[in-house]
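Engineer: Curious how this folds, go ahead:
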Amino acid sequence: MATFTRLPSMWSREYRETRQVLHSPPYRKNIFGMPVEFKTEFLVVGAGPAGASCAWGIASRGGRVVIADRSRFPRPKLCGGALSDYGVGLLTGKGMLLSRELDDLTVALHGSLSCFDGSTLLGTWNDARPAMRLVDRTSFDSFLLRRAVEAGAVPLTGAEFLGLERGAAVFADGARVVFDRMLGADGAASTVRRRVYGRPGGGRLGLCLGTFVPLAPAVLERFTPLGLQVRFGLLPYGYGWVFPRSDDLCIGVGSFGKNVPPVDVRKAMEALLAALELNPRSPLRGALIPLPETRVLPGRGRVLLGGEAAGLCDRVSGEGISHALE
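Structural biologist: Predicted structure coming up:
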């Protein structure tokens, strides 16, 4: 298992410095305190893996790029954090991350996968080559964004994208960014996608619920031999997951079913926690994922789409990191 240092406390100097680096508005304010218009070659909306890797690619080749996100980083992110070997190759092969940096961002390496039907163990497969890698999305995403900023991308975090107006992107704080090209990489419920296409396919999305449960080492050892757990039979067109990390469990359920109501997803999550005999203190978090029938849309005109905003994710597992990086 790789060594990993948890995200620093929000009161620590390192946390404040990270905030400062990743929140530097590219525009000035006038004497009335209102943001003025800013111009750039490329605007990326969404600073997750898709947006950060795109901004890094543009900036590292000398392009002028602004990367905007409604959140201030570091920010919490619900995700199992499974990073495929293909995703590893994209990061290290293109030079965005060094292998040792990725190792330091890794919270667990698992060589085993266990599949369940409800609470019945179907089998455990060992000696996975390469080992399955888990990253903590809060720290992983912040590091990717910071790498893009180091390459020359200008961060605009804490800025909610509202839409397009006369050739400019408009944000909730009043800022206007005029761009030559824009990438919408703002997730499955993409505002950019809605502004360009409306709500294709009825706007339906799959739903995931999850949480992180800190455990003492002696308790965590009870789960580690099973490796990554995938639990079927909890709800239609979906599955649950139990991923042991360095000092906690990432637990969640998700469904691709377009007719599966949120209340059923929550009941499935509660049933999984009960089967594991766990009572997490942290609240459940929700996330949306594209459905298998979601159309893949590359964008239109000067506006492109990437990652889950384009409808890209694995059609079986729902995993989206590798597609986002690609």
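
Engineer: And the strands in the stretch 101-250 of the chain, which stretches?
Structural biologist: 106-110, 113-117, 120-125, 132-135, 154-157, 161-165, 168-171, 176-184, 206-214, 228-232, 238-244, 248-255 (DSSP state E, counting those that start in this stretch).

Engineer: Identify whichever of these lies nearest to Phe38.
Structural biologist: strand 176-184 (5.2 Å; Cβ to Cβ). Using the backbone N, CA and C atoms, a C-beta is placed for each residue, glycine as well.

Engineer: So which of the strands of the stretch 101-250 of the chain is nearest Pro74?
Structural biologist: Per Cβ to Cβ, nearest to Pro74 of these: strand 154-157, 10.3 Å.

Engineer: Go ahead and confirm Ile130 touches Asp85.
Structural biologist: Rather than Ile, residue 130 is Pro. Yes - taking contacts as Cβ atoms under 8 Å, Pro130 lies within contact range of Asp85: 5.1 Å.

Engineer: low pLDDT regions in the stretch 1-150 of the chain?
Structural biologist: Applying pLDDT under 70 to the stretch 1-150 of the chain flags residues 1-36.

Engineer: The same query, at a cut-off of 90, please.
Structural biologist: 1-39, 73, 75-76, 78, 127-130 (pLDDT under 90).

Engineer: all helices of it, in order?
Structural biologist: Assigned by DSSP state H, counting those that start in this stretch, the helices in the stretch 1-150 of the chain fall at 13-22, 49-59, 85-93, 99-105, 137-151.

Engineer: Buried deepest among those, which one?
Structural biologist: helix 49-59 (a mean of 26; mean count of other Cβ atoms under 10 Å).

Engineer: and it, what does it pack onto?
Structural biologist: strand 38-45, strand 65-69, helix 137-151, strand 176-184, helix 321-325 (3 or more Cβ pairs under 8 Å, 6 or more residues apart in numbering; DSSP states H and E).

Engineer: just to revisit the earlier point, switch the helices of the stretch 1-150 of the chain over to TSV; also include distance to Phe161.
Structural biologist: Formatted as TSV, the helices of the stretch 1-150 of the chain follow (distance: least, Cβ to Cβ, whole Å):
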stretch	distance to Phe161
helix 13-22	17
helix 49-59	11
helix 85-93	26
helix 99-105	27
helix 137-151	16
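
Engineer: Among the ones you listed, which comes closest to Lys267?
Structural biologist: Minimum separation from Lys267 across these (Cβ to Cβ) falls at helix 137-151, 25.4 Å.
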